[in-house]
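Visitor: return atomic coordinates for the entry below.
(chains A and B)
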Number of protein chains: 2
Amino acid sequence: MRIGVVAPGRAIAPELAERVRALAAEVPGVEIRFHPQCFAASGHFAGDDDLRAAAFAEVANDPAVDAVWFARGGYGAFRLISRVLPALESAAADKLYMGYSDGGALLAALYGAGVGRVAHGPIPADLNRANGAAAVRRALAFLATGDAAACEPTAAERPAAAFNLTILAHQIGTPWLPDLTGHVLMLEEVSEPLYRIDRALGQVLSAPALGGIAGVRLGRCGDIVPNDIDFGRTEEEAARDWCARSGIPYLGRADIGHDADNKVVPFGGHMSSP
Amino acid sequence: MRIGVVAPGRAIAPELAERVRALAAEVPGVEIRFHPQCFAASGHFAGDDDLRAAAFAEVANDPAVDAVWFARGGYGAFRLISRVLPALESAAADKLYMGYSDGGALLAALYGAGVGRVAHGPIPADLNRANGAAAVRRALAFLATGDAAACEPTAAERPAAAFNLTILAHQIGTPWLPDLTGHVLMLEEVSEPLYRIDRALGQVLSAPALGGIAGVRLGRCGDIVPNDIDFGRTEEEAARDWCARSGIPYLGRADIGHDADNKVVPFGGHMSSP
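Guide: Below you'll find the model as predicted:
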């Protein structure tokens, strides 16, 4: 299992890569390579769009790589879609792509284009969280063997997809929203006030393009930014309300979030490793 | 000219209404009424959805009212769309609707449904800004006589529409995005970091549903929240970049924003008062 790491959004520090390599060395059969682009810088981004897109395509098109792992989120993946998709070659189809948060923009586009297998799961940058090693080990276990214990427990029941709520909201109406008909849609959020969570849920659950989903599971909404006056409803009440308005089943909570407990959600029901 | 004020989002204080009434009294022929719903409270909102929607429909359907003026923004208008549209009667068509910021969600839906005339312009709550009386006087001048001096100077050249960028981004993909083919789209923003401005511009300018716009003018992006590292491009560079990617003309700046200088943009080129 050869894992290639790229950074479609922000950069990571070489020292973090060192620590992830040490964890990967614990897993038999795993070989991990961080593309040098992970450490590049251009303003906010891990290199400019051309550099990030070229690195992504290089790793995705490398027949010696089995899985493309997103180093970090932070905004930048959406900017690469129109550059990356046309650059992908046949070897890109035979791979697993894993990331979350901002990386979901690119995962959505890959899933929509039918490129490889896609999973929402922990990333190297999670090592900077409290107990982050558990998240990275979980991701490595999934990448290495498709470990079912690493996965969100309901993800095997029905085809599923998972996104950061705000990232999915900003994908709607673009050419890169995948067809999620029949999927359970899992949504998590971090560092937003409740009025923005309600607003994004309203858009996602009012969009005819997502009207065919099988239901919604709400992941954790962490570090909620306080409203200046109390919003008056919780994130779960908001999800239930918008689901009810749209006739979409609300199925309960999902075990995903911007935290060390974030479980892997393989898109569309695939549960096996490459 | 009878103006009815309602609050689709957050509430205003009765004291603010008093001060707006005093300014309205300076304008010959203007009569202004604040619906009591403007002062209601339900958590974050100026009353719950039913109360806000009922007040909006009541004022919109009142044949004695010439213009419906949104008291304040702050989130809530989107939640009312599916309640308000079916409740509108024939008298609602013979009116001007004016607001901005969060109110743009409802303006978009009204414009899309062809209900009355719609304008993006200052609101009563602007009186709490520095020099806010100038904004409210400008709005009253437009409401009273269609005063061209109150309007964004390029708005008479071609059909135009104006929105808060984030509000428009969250309208995309919903049933309530109007057809803006041939319109100059003016976008303003407030209190967002540059990476979010870039992200929302990317969505708006990548959406096929907005592919037919005549061009983009960027209003002011005020109170930009600092990125933890410098984003590396300005909001105008971001707008130029996304316009170039999409083949949409970037036409320069618009004289709109979350500030006292905010000019009126009548949607679709109507410049006359009711």
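Visitor: grab the nearest non-local neighbour of the residue most central in space within chain A.
Guide: Among the residues of chain A, the one closest to the centroid is A:Tyr100, at 2.0 Å (CA atoms, centre = their mean). Nearest non-adjacent residue to A:Tyr100, counting by CB to CB, 6 or more residues apart in numbering or on different chains: A:His120, 4.8 Å away. The C-beta positions use only the backbone N, C-alpha and C, and glycine is treated the same way.
Visitor: who's in contact with that neighbour?
Guide: Residues near A:His120 by CB atoms under 8 Å, 6 or more residues apart in numbering or on different chains: A:98-100, A:104, A:107, A:161-163, A:186, A:256, A:264-265, A:267.
Visitor: roughly how far apart are it and chain B?
Guide: Noted for A:His120: a distance of 19 Å to chain B, by CB to the nearest CB, to the nearest Å.
Visitor: ditto for A:Ala25
Guide: From A:Ala25 over to chain B (counting by CB to the nearest CB), the distance is 31 Å.
Visitor: nearest spatial neighbour of the residue of the stretch 151-274 of chain A found nearest chain B, skipping sequence neighbours?
Guide: The minimum distance from the stretch 151-274 of chain A to chain B, using CB to the nearest CB, falls at A:Gly232 (1.8 Å). Spatial nearest neighbour of A:Gly232, excluding adjacent residues (CB to CB, 6+ apart): B:Gly43 at 1.8 Å.
Visitor: gap between the one you found and B:Arg83?
Guide: 17 Å (CB to CB, to the nearest Å).
Visitor: can you tell me how far A:Arg2 sits from A:Arg33?
Guide: 7 Å.
Visitor: cool, A:Arg21 as well?
Guide: In terms of CB to CB, A:Arg21 sits 9 Å off from A:Arg33.
Visitor: the two: which is more packed in?
Guide: A:Arg33 (19 against 16; other CB atoms under 10 Å in any protein chain shown).
Visitor: can you pull the contacts of the nearest residue to the more buried one once chain neighbours are set aside?
Guide: Counting by CB to CB, 6+ apart, A:Gly4 is the residue found nearest to A:Arg33 once chain neighbours are left out, at 5.5 Å. Residues in contact with A:Gly4 (CB under 8 Å, 6+ apart) are A:Arg33, A:His35, A:Val59, A:Asp62, A:Val65, A:Ala67, A:Val68, A:Trp69.
Visitor: reduced to three states, what does A:Gly4 come out as?
Guide: A:Gly4 carries the three-state label strand when classified by DSSP: H, G, I helix; E, B strand; the rest coil.
Visitor: and it, how close does it get to B:Cys243?
Guide: A:Gly4 sits 34 Å away from B:Cys243, going by CB to CB.
Visitor: with A:Leu80 instead?
Guide: With CB to CB as the criterion, A:Leu80 and B:Cys243 are 18 Å apart.
Visitor: who has more neighbours, those two?
Guide: A:Leu80 (25 against 19).
Visitor: so what's that one up against?
Guide: A:Pro8, A:Asp49, A:Arg52, A:Ala53, A:Phe56, A:Leu106.
Visitor: number of nearby residues for the nearest residue in space to A:Ala113 that is not next to it in sequence?
Guide: Nearest residue to A:Ala113 in three dimensions, chain neighbours excluded: A:Leu85, at 5.8 Å (CB to CB, 6+ apart). Using other CB under 10 Å, A:Leu85 has 19 neighbouring residues.
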